[in-house]
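Q: no FASTA, just this:
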């Protein structure tokens, strides 16, 4: 397949994506106006929700957990044994969509990847809103069949002898990944370590680099 064809395909894909985003943005705005007009929500309701996801619920919580696990082996052991109880030690609430959390750890021998093959079950309190790729039917179908190919699409290349474990989140249990700590970060404070951690890394679709 030619590069020109690939370029045209990518351009068309991004064009449709922008059209879709514009459509849903306009629809959301219309619904918000309608709900306000009918008195179903207050003027500041949407702003409060946005502030909540910006400052209280988001991937910064998960990154804080990862940094603590990297620097405190005893905490990591408790996290792997009882995730909900351990994150409560950090003052974080599991809340709705965060109950029955299970944590798995990436090592030199095994790499963990999280998906949800039925819908988009996601640990909201630790990671905030689920990204578009997690809800994509193509991603959900491919990740269990060809995980290395999907990881390559995300820029992740693993040694052939490294085992890949796929964890299927559900309404009963949600999964969270402790990525491998990058070399050269010994002695770093937790805040600096947390800044390295991405949402993708905490679901196994990314690696952490210093």
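A: Nice, thanks for sending it over. All values derive from a computational prediction rather than experimental measurement.

Q: Identify the structural domains in the protein and state their residue ranges.
A: Split into domains by automatic domain parsing, the chain comes to 3-53, 59-203.

Q: right, so these: which one is the most enclosed?
A: Comparing those by mean neighbour count (mean count of other C-beta atoms under 10 Å), domain 59-203 comes out on top with a mean of 17. In this view, the C-beta of every residue, glycine as well, is placed from N, C-alpha and C.

Q: Now find how far off-centre it is within its chain.
A: 7 Å (C-alpha atoms, centre = their mean, to the nearest Å).

Q: avg pLDDT for it?
A: Domain 59-203 shows a mean pLDDT of 93.

Q: Let me have the domains of the chain in a markdown table, extended by distance to residue 209.
A: Converted to a markdown table, the domains of the chain look like this (distance: least, C-beta to C-beta, whole Å):
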| stretch | distance to residue 209 |
| --- | --- |
| domain 3-53 | 26 |
| domain 59-203 | 5 |
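
Q: so which of those domains comes closest to residue 210?
A: Among the domains of the chain, the nearest to residue 210 by C-beta to C-beta is domain 59-203 (4.3 Å).

Q: okay, how far is it across the closest one, tip to tip?
A: End-to-end distance for domain 59-203, by C-alpha to C-alpha, to the nearest Å: 11 Å.

Q: Repeat that for stretch 91-101.
A: End-to-end distance of stretch 91-101 (C-alpha to C-alpha): 16 Å.

Q: try stretch 202-210
A: Distance between the two ends of stretch 202-210: 16 Å, counting by C-alpha to C-alpha.

Q: ok, residues contacting it?
A: Stretch 202-210 is contacted from outside by 59, 62-63, 66, 106, 111-114, 126-127, 133-134, 150-151, 154-156, 175-185, 196-201, using C-beta atoms under 8 Å, 6 or more residues apart in numbering.

Q: Same question for stretch 101-110.
A: With C-beta under 8 Å, 6+ apart as the test, stretch 101-110 has contacts from 69, 76, 79-80, 83-84, 86-87, 94, 112, 123, 126, 162-165, 167, 173-180, 204.

Q: Tell me which of those fall in helices.
A: Of the contacts of stretch 101-110, the ones assigned to helices by DSSP state H are 69, 76, 79, 80, 83, 84, 86, 87, 126.

Q: and the closest residue to the first one other than its chain neighbours, what does it touch?
A: Think residue 69. Nearest residue to residue 69, sequence neighbours excluded (C-beta to C-beta, 6 or more residues apart in numbering): residue 76, at 4.0 Å. By C-beta under 8 Å, 6+ apart, the residues touching residue 76 are 68, 69, 70, 105, 178.

Q: right, and the first one touches residue 92 too?
A: Yep, that's residue 68 we're talking about. No: between residue 68 and residue 92 there is no contact under C-beta atoms under 8 Å: 10.2 Å.

Q: element containing residue 91, please.
A: In this structure, residue 91 sits in neither a helix nor a strand according to DSSP states H and E.

Q: Right, I'll call it a day here.
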